[in-house]
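[1] I'll drop the sequence and a predicted model, then ask my questions.
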Amino acid sequence: MSKRTKGCLIGGILLYALLAAIILLVMNFQRQDFHSAATASRDTYGFKDGHFGLLEPADRNTRASWPATKPMREPARFEGDKGTFLYDFSKEIKPGTVTPPSAWAESFLGDDAVELVAFATWIPGPDDPIENQAWMTPLTLRDPVTLEPISASRRSELGLPDSFASFLPPRLYQTPLLRLVFRTRGMPYPRATRLEGGDARTGAQVTYHLKEEGDGSARHEVSGEWLRIDTDLLLWHDTPLKCQVRFLTGEPEILELPSRPGAEITFGDRLRLQWLTATNEAMEVDSWFQVFEPAPSLSETEKNDIRKLVNPSSGRRDRLVAFSPKDPPLASARVYVRASSRTYLVDHCGIVDGSGVFWGWDDDQTNDGVLIASIQDKAPGSPMRLVLVPSMTEWTGEIPGLPDMPNPRTTEDLFDCVLPRITVPEDLDDAETQLLGYIGVGAQLAWKSTERWEQHPPTDLPADRTFRNTSPQQLLDWYLDHTPGAYVRYDEEDLTLHFNEEEGSWWKRMTEGMRTLYYETLYGSPPP
């Protein structure tokens, strides 16, 4: 090869690299106005594969870790130091395949029935007094058919509880809220376990159940025949809403579980419970513990036996569960039980007391299938009076519109929706994840992301971490402008945003950029 040819080749390579670098720089700093149609179907592969998908029927599987008809062996308990203790389930013979009866019914059983009487939406405002922990906010309850507000006199005529028309927002609220109000019939223990909603025009699921923060109103409330259920709403524009609510149905059964170690009760072939212990403070339940130190009061022989037991080489570690006080300590009288089925315990079983039924179970399952759960100890030292409602059905209904939303139904591009208040957490990694999520859910898009803020902090995050009256497009532009090296690719056909792609992304970006430049230069339009 001649020197001239080599020089031309090297020059061509350098020119190509320079052009590629220019294209990458232009693409990094170029801000594009994206489009997300407010009525287009979200039934695409990319959307269903993303963070949020379509509104679909609930999972009908009923799972169990132990046959409800088979007795459980009382576990050995070992005391540790600093208030810790350990349960050993390893000497119990594990059952084979567990197939509990299905919890699902196709419709309400017997005389059970519900009627949707009202709904409400609430949207965090730009000037809400978030620092006021006692701030109660009113809700506009509306008729689910006419969408007209329900007056105070009409609420009184219906007998609808006043508490259903207001709520205490959590201090760290993140999203709008949806409330549905039902009147029940023939149900001595009304219980709705889950509310999910979808945009009836796009098919997208637009609700998400964030963990309750404990400093706002409860998500469920029952008062006589009335029941309300709240959920987080990932929607800021008026649109018809399709709702699915899971209700318990069937003849309730009430049993008492004695408050002594090893005591058991069984609700037929659905649920078995074994009483383990009660504590005056909340405990961490951990089957993955790394260290367990025996109590100083034990003999050296006992200590050595425990150390051998918890040694990973013992072969019994999978069925050991350690209990330790929470840090910081949390004063909370609780009862700990072992259960045969999470489904039937958490969703179907509650404690009966003078004020009604309390359903607030926390649960933890070991890698080897031992299910431990705890609940507030309503009557320390007394038997637990428990009710189980055996079946579940799914109610579906449609609300024709959401008049209180800040953006009208005529909004054509969801990237232009105004989001009145978006507050992100202090932790940078969590804040970035939530910010990208708000862009995605505000525009009803799937998204895939590689976060950058831990290594490349944003240059100008608002002092109170709050964005006011911004749109998904403005949030996206802000993110790209204030995140060093950030990049986004939008696949409009699949309705998916790709943030900060890594492997192979630079080559794809360069080739796509050169293709776009070619078509725009020759034809004056983007590539087909």
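    Structure's in. What do you need? Numbering: from 1, shown residues only.

[2] Which helix or strand in this protein has the lowest average pLDDT?
    Lowest on mean pLDDT, DSSP states H and E among the helices and strands of the chain sits helix 3-29, with a mean of 50.

[3] helices or strands up against the helix or strand following that one?
    Note on helix 3-29: by DSSP states H and E, the next helix or strand toward the C-terminus is helix 45-48. Judged by 3 or more Cβ pairs under 8 Å, 6 or more residues apart in numbering; DSSP states H and E, the packing partners of helix 45-48 are strand 446-449. C-beta: built from backbone N, CA, C; applies to glycine.

[4] So what are the sheet partners of the helix or strand following the strand it packs on and their directions?
    Downstream of strand 446-449, the first helix or strand assigned by DSSP H and E is strand 466-470. If you go by DSSP bridges, strand 466-470 pairs up with strand 419-423 (antiparallel).

[5] Can you give the domain ranges for the protein?
    Annotated domains of the chain cover 22-37+412-523, 76-99+256-388, 113-251+394-399 [automatic domain parsing].

[6] how about these, which one is nearest residue 47?
    Nearest to residue 47, of all the domains of the chain, is domain 22-37+412-523, at 4.6 Å by Cβ to Cβ.

[7] can I get the domains of the chain in JSON lines with mean neighbour count and distance to residue 59?
    Output for these, formatted as JSON lines (neighbours: other Cβ atoms under 10 Å; distance: least, Cβ to Cβ, whole Å):
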{"stretch": "domain 22-37+412-523", "mean neighbour count": "17", "distance to residue 59": "20"}
{"stretch": "domain 76-99+256-388", "mean neighbour count": "16", "distance to residue 59": "10"}
{"stretch": "domain 113-251+394-399", "mean neighbour count": "18", "distance to residue 59": "10"}
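
[8] how about the ones you listed in CSV, adding distance to residue 53?
    Formatted as CSV, these follow (distance: least, Cβ to Cβ, whole Å):
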stretch, distance to residue 53
domain 22-37+412-523, 8
domain 76-99+256-388, 22
domain 113-251+394-399, 6
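
[9] Near residue 57, how many other residues are there?
    Using other Cβ atoms under 10 Å, residue 57 has 9 neighbouring residues.

[10] out of everything not next to it in sequence, what's closest to it?
    Here the nearest residue to residue 57 in space, its sequence neighbours aside, is residue 394; by Cβ to Cβ, 6 or more residues apart in numbering that works out to 6.6 Å.

[11] residues in contact with the one you found?
    Residue 394 makes contacts with 57-58, 244-247, as judged by Cβ atoms under 8 Å, 6 or more residues apart in numbering.

[12] 10 Å instead, please
    Taking Cβ atoms under 10 Å, 6 or more residues apart in numbering, we find residue 394 in contact with 57-58, 60, 104-107, 194, 196, 244-247.

[13] so it is in which element?
    Assigned by DSSP H and E, residue 394 falls within strand 391-399.

[14] Show the pLDDT at residue 218.
    pLDDT recorded at residue 218 is 87.

[15] Do I have it right that it meets residue 360?
    Yes: judged on Cβ atoms under 10 Å, residue 218 makes contact with residue 360 at a distance of 9.1 Å.

[16] where does the stretch 1-150 of the chain have low pLDDT?
    Filtered on pLDDT under 70, the stretch 1-150 of the chain yields the residue ranges 1-31.

[17] Poorly predicted segments of this structure, please.
    1-31, 171-172, 210-215, 315, 503-528.

[18] where along it do the helices fall?
    For the chain, the helices defined by DSSP state H cover 3-29, 45-48, 152-158, 300-310, 342, 428-442, 472-482, 505-523.
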